[in-house]
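J.: A structural model of the following input is requested.
(chains A and B)
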Amino acid sequence: MVDGFELFTDRSVVAMRVNGELRDLAATVTPTDAVEPVTLSSADGLNILRHSAAHVLAQAVQNVNPAARLGIGPPVTDGFYYDFDVAEPFTPDDIKSLEKAMDRIIRQGQRFVRRVVTAEEARAELAAEPYKLELIGLKGVSTGSTTGDGSTTGPAADAELGADNESVEVGGTELTIYDNVDPRTGETVWKDLCRGPHLPNTRMIGNGYSLTRLAAAYWRGSEKNPQLQRIYGTAWPTKDELRAYQARQEEAAKRDHRKLGAELDLFSFPEEIGSGLPVFHPKGGIIRQEMENYSRKRHAEAGYDFVYTPHITKSNLFETSGHLDWYSDGMFPPMKLDAEYDADGHMTRQGVDYYLKPMNCPFHNLIFRSSGRSYRDLPMRLFEFGSVYRYEKSGVVHGLTRVRGMTQDDAHIYTTKEGMKEELTSTLNFVLKLLADYGLEDYYLELSTKDPKKFVGSDEAWDEATQTLAEVAEASGLELVSDPGGAAFYGPKISVQARDAIGRTWQMSTIQLDFNLPERFDLEYTASDGSRQRPVMIHRALFGSIERFFAVLTEHYAGAFPVWLSPVQVVGIPVSEQYGPYLDEIIERLTEAGVRAQVDHSDDRMQKKIRNHTKAKVPFQLIVGEEDQANGAVSFRFRDGSQDNGVPIDEAISRIVAAIETRAQVTGQGQS
RNA sequence: GCCGCCUUAGCUCAGUCGGUAGAGCGUCUCACUCGUAAUGAGAAGGUCAUCAGUUCGAUUCUGAUAGGCGGCUCCA
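T.: Numbering: from 1, shown residues only, chains lettered A, B, ... in the order given. Prediction:
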């Protein structure tokens, strides 16, 4: 019997995997155990570091405020959090004092010591921690319920607890408490219910951690539960890695579409209009129009029919569709056209409610139903840039990514059951190709399947459709992630998750089967044998909402759009006034070729103009002075500051036009 | 919707321990005409988010409302 400290003398090893289970280095192993080291920089090691940092935070909070009760404190991406029940919420000043308190704990070099306890012992020791008692209780319930099927208590407990975040406390097969021991006195200074494992010593946290933000969070993630105060932090093995993380955060903040939207004069949210209701300024309007125009062109080529439908409707349409039953909370309240009454109080005119539409599909169903349909008409693909309005809760609106009024690139495809698979395949390929044209080329797929508690339609139909979607997804060769229970009530879906330039993922396109609406709208077509059949309906959107896709592209490109999307594609900058007319002629030729080009004739000095247009992220600056004019040439300056001087006019024009036609990204002389 | 924070010029932000405000950038005017990221000078621009309350007096203190930010919950 040896422990991990003897097995692994390398100081970067912070824990070990014994027969697949993560254990503290203090644990003992036998010669027959399979043991692997876990280093601080590995994924497991980082989680352990961050989880230990969360414990130190909790200890610091209880040092400062002994009345604070503990929630949970798991590691998360890049960091950790810990939830507390405190009488007064934390303030930004508390962050500083808590970091000081954490520093003291870290410098003490406290050891984390694991101790197995019974439920009764845990309850006695943690009698003052009601949330911990609740977790112990949950574990007790699940332990008791696992009989007969041979399953171990661990996974069953996890399942009962639901979220991984809670299982870090009590998710193991045994109930354990971690004591924080002062190495000089041997005294236990703090303890917490925890599955572990932990770092050998708090000193290892000191290299790169920081508390980052304060928030409120519902206990166990449910709106019905009380809110706890959450403190988020980040932790890294070294100070350099912490700084690199902070630099990444700053980079992401610079790309924030809300910031760029204001800086580049693309859009705004006038307070007078209302929360979540954007207006697009001329420059944003150009980007949006280019996005839409290209989409229209490709949809036309792919056999879609373009339709238009109104923004409001009488309530009966959404009664038929079921939206008023399922989603009325998310809809703007109705416009009530008042009933009229005569002098005797008798109704002389029935009142009617009109609603803003939250979805386009019911309207498209009416178009399908407007005449008798034959199998020869299918698949019928109805496309619309449809503006919809959703009453998003006040706390969730966020820039262009979560708005109350948006335009979807929405299409509904009606097809036969036999044609479903082929249609799904071609739709997915169409979607992926088009996304790539906008510059998003790295994605994976997510398959959302039935929520057993919330669905309509038969199990057979769901199974078949889910199977079909899975086959189509697999055939694409892309990475496929399953999202069990994530489907809408009316049918399974595939969604395309795209990774942007700095590695964040966004849910983009969705392809969704619907068993509900064809039934509710009693949609039918006549089959080749003369029988009446129900079509299969596919909802699909590429952008999801144009506003959101606009935001994603803005952040993906950090505002430096590819030339075809750039609001201003070319700016001419004369070295001095006298070269203006020469540049005007070149810019006019570009304008005639459909290029968005202008000459900067302002009084600013050339250097200032370069600065202005570089900040505005104009892809091509054409600079002209004596030398260029004498040679019939121009000098290019690109967004990254690189130059290409003395380019003959014809060549310059054809390079610019080619960059637009190929939808190339141009940031520097080396185009990508 | 919930918790916390925030709202001062077009933008970014100072400031007023309660006596109605200031900078930089931008805008406008004038001068300058210059070869690769800020020429100089001058001027205009604010009901200190809105509405109530306390006060002799409120941008400042209180409350409500609207909008925003960070999270939570939600996202057909």
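
J.: drop to CA atoms for contacts and neighbour counts, all remaining ones
T.: Fine.

J.: which parts of the stretch 551-672 of chain A sit against RNA strand B?
T.: Applying CA under 7 Å from any atom of the strand, we find that the stretch 551-672 of chain A lies next to RNA strand B at A:575-578, A:603-608, A:610-612, A:614-615, A:623-629, A:635-637, A:639-641, A:643, A:645-646.

J.: now the stretch 551-672 of chain A, which segments are flagged as low pLDDT?
T.: For the stretch 551-672 of chain A, the stretches flagged by pLDDT under 70 are A:670-672.

J.: Check chain A too.
T.: A:140-168, A:170-172, A:670-672.

J.: any idea which residue sits dead centre in it?
T.: Per CA atoms, centre = their mean, the C-alpha nearest to the average position across chain A is that of residue A:506, at 4.1 Å.

J.: residues in contact with the helix or strand where it lies?
T.: Taking DSSP states H and E as the definition, one finds residue A:506 inside strand A:505-514. Here strand A:505-514 makes contact (CA atoms under 8 Å, 6 or more residues apart in numbering) with A:424, A:427-428, A:431, A:465, A:490-500, A:536-544, A:549, A:552.

J.: Any of those residues buried? List them.
T.: A:424, A:427-428, A:431, A:465, A:490-500, A:536-544, A:549, A:552 (16 or more other CA atoms under 10 Å).

J.: Please flag which of those sit within helices.
T.: Those of these mapping onto helices are A:424, A:427-428, A:431, A:465, A:549, A:552, per DSSP state H.

J.: which of the residues you listed lies closest to RNA strand B?
T.: Among these, residue A:549 lies closest to RNA strand B (CA to the nearest atom of the strand), at 13.7 Å.

J.: give the contact list for the closest one.
T.: A:401, A:508, A:543.

J.: leaving aside the residues next to it on the chain, what's closest to residue A:528?
T.: Of all residues not flanking residue A:528 in the chain, residue A:375 sits nearest, at 6.7 Å (CA to CA, 6 or more residues apart in numbering).

J.: which other helices and strands contact the helix or strand following the strand holding residue A:506?
T.: Sequence order places helix A:517-520 as the next helix or strand after strand A:505-514, per DSSP H and E. On a contact count with 3 or more CA pairs under 8 Å, 6 or more residues apart in numbering; DSSP states H and E, helix A:517-520 meets helix A:315-321, strand A:536-545.

J.: Apply 10 Å and report the result again.
T.: If you count contacts as 3 or more CA pairs under 10 Å, 6 or more residues apart in numbering; DSSP states H and E, helix A:517-520 packs onto helix A:315-321, helix A:361-369, strand A:536-545.

J.: Same list, these, but as JSON lines with distance to residue A:25 please.
T.: As requested, those are exported to JSON lines (distance: least, CA to CA, whole Å):
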{"stretch": "helix A:315-321", "distance to residue A:25": "59"}
{"stretch": "helix A:361-369", "distance to residue A:25": "58"}
{"stretch": "strand A:536-545", "distance to residue A:25": "49"}
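
J.: Indicate which one of these is closest to residue A:26.
T.: Residue A:26 sits nearest to strand A:536-545 of all the helices and strands packed on helix A:517-520, at 51.4 Å, using CA to CA.

J.: Are the closest one and RNA strand B in contact anywhere?
T.: No. For strand A:536-545, no contact with RNA strand B is found by CA under 7 Å from any atom of the strand; the gap never falls below 8.5 Å.

J.: Out of the contacts of residue A:549, which comes closest to RNA strand B?
T.: Of the contacts of residue A:549, the one sitting nearest to RNA strand B (CA to the nearest atom of the strand) turns out to be residue A:401, at 8.6 Å.

J.: can you pull the contacts of that closest one?
T.: Shown in contact with residue A:401 (CA atoms under 10 Å, 6 or more residues apart in numbering): A:257-258, A:276, A:545-552.

J.: Tell me which residues touch the residue lying closest to residue A:545 once chain neighbours are set aside, please.
T.: Among residues not flanking residue A:545 along the chain, residue A:408 sits closest, at 4.3 Å (CA to CA, 6+ apart). By CA under 10 Å, 6+ apart, the contact list for residue A:408 reads A:359-360, A:383-388, A:540-549.

J.: ditto for residue A:591
T.: Per CA under 10 Å, 6+ apart, neighbours of residue A:591: A:570, A:585, A:597-598.

J.: Near RNA strand B, which residues of the stretch 151-300 of chain A? Just list them.
T.: Where the stretch 151-300 of chain A comes near RNA strand B, counting by CA under 7 Å from any atom of the strand, the residues are A:213-218, A:221-223, A:227, A:229-230, A:258, A:263, A:269, A:271-272, A:274-276.

J.: among the residues you listed, which are in helices?
T.: Per DSSP H, helices hold the following members of these: A:258, A:263.

J.: which of the residues of the stretch 151-300 of chain A next to RNA strand B are buried?
T.: Neighbour counting over these (16+ other CA under 10 Å) leaves A:214, A:217, A:227, A:229-230, A:258, A:269, A:275-276 as the buried ones.

J.: ok, so of those residues, who is nearest residue A:566?
T.: residue A:258 (17.4 Å).

J.: thinking again about what came up before, generate a ChimeraX selection restricted to the buried subset of the contacts of residue A:591.
T.: This is how ChimeraX selects the buried members of the contacts of residue A:591, with burial counted by 16+ other CA under 10 Å:
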select /A:570,597,598
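
J.: of all the contacts of residue A:591, which two lie farthest apart?
T.: Across the contacts of residue A:591, the longest distance by CA to CA is 13.4 Å; it joins A:570 and A:585.

J.: so what's in contact with these two at the same time?
T.: Contacts common to residue A:570 and residue A:585, judged by CA under 10 Å, 6+ apart, are A:591, A:599.

J.: thinking again about what came up before, how far does the strand holding residue A:506 sit from its chain's centre?
T.: How far strand A:505-514 lies from its chain's middle: 12 Å, per CA atoms, centre = their mean, to the nearest Å.

J.: and the direction of that strand versus that of strand A:536-545, what angle?
T.: Angle, strand A:505-514 to strand A:536-545, by axes from the mean of the first three to the mean of the last three CA atoms, to 10 degrees: 160 degrees.

J.: what are the pairing partners of strand A:505-514, and which direction each?
T.: Here strand A:505-514 has these sheet partners by DSSP bridges: strand A:493-499 (antiparallel), strand A:536-545 (antiparallel).
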